[in-house]
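Peer 1: Task: produce atomic coordinates for the following.
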Amino acid sequence: MPKYKVEHYEKKIRRHFDPLVEEQELLVKQFKTEATKRIVDKLSKKMGADKILNAFKVAEEQMKKARQDAKTFFKKKAKQDEKKTLTYSMRDEEISLSDCEEQLREWAKELVDRELRRRPEGEQLAQLEAVKQRAMDIVYENGDDEAIAKALDDCTNKIGITWVVDTSKIKRISA
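Peer 2: Numbering: from 1, shown residues only. Down below sits the predicted model:
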């Protein structure tokens, strides 16, 4: 089959499937976001990370205050004595509370992804992607245009897409 025909079929498959897949992905994403928020707290408590995070939060607040006090002190001393200059770094590249919270969110997302595959939204997304892949396989595995059209019509009818559109019932547009 010529390359231009394969490209035509690929574009047509994307044109039919991509809006459906994107719509389903939005539904899945909405559920995923809500579920991740709920699961982070549960996961944190279950793992015992909530105690560590609370202690981290208190320590970080104390450290922030200590840093600010140190900056104020050294800047004030440098201003008082013209000969003194600040040669130290004011940055800290250590682990932070937000790093820990982000790690928990990532772990929660993995749990949500597993749960999502069992929900109707996830199953429907997987089915749409499988039918799209099957449609692409049909194009690559067949060389005859009529066989491709028939196979694609059979494949896409299962999800409500008509591959071969009957144009005989379309009214003529008068000029």
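Peer 1: From what I see, L53 and K45 are in contact.
Peer 2: No. With contacts counted by C-beta atoms under 8 Å, L53 stays clear of K45, the gap being 10.2 Å. All C-beta spots, glycine's among them, are computed from the backbone N, C-alpha and C.
Peer 1: Compare the two (neighbour count), which wins?
Peer 2: Higher neighbour count among L53 and K45: L53, with 15 against 11, using other C-beta atoms under 10 Å.
Peer 1: Helix, strand, or coil at the residue lying closest to the more buried one once chain neighbours are set aside?
Peer 2: The shortest distance from L53 to any non-neighbouring residue, by C-beta to C-beta, 6 or more residues apart in numbering, is to C100 (5.9 Å). At C100 the chain is in helix, as set by DSSP: H, G, I helix; E, B strand; the rest coil.
Peer 1: what's the helix or strand for the residue nearest to the spatial centre of the chain?
Peer 2: Among the residues of the chain, the one closest to the centroid is K29, at 7.1 Å (C-alpha atoms, centre = their mean). Assigned by DSSP states H and E, K29 belongs to helix 3-47.
Peer 1: So what's the gap between that helix and the chain middle?
Peer 2: 7 Å (C-alpha atoms, centre = their mean, to the nearest Å).
Peer 1: Give me the buried stretch members for the helix or strand following that helix, please.
Peer 2: Per DSSP H and E, helix 3-47 leads on to helix 49-80 as the next helix or strand towards the C-terminus. Buried residues in helix 49-80, counted by 16 or more other C-beta atoms under 10 Å: A49, F56.
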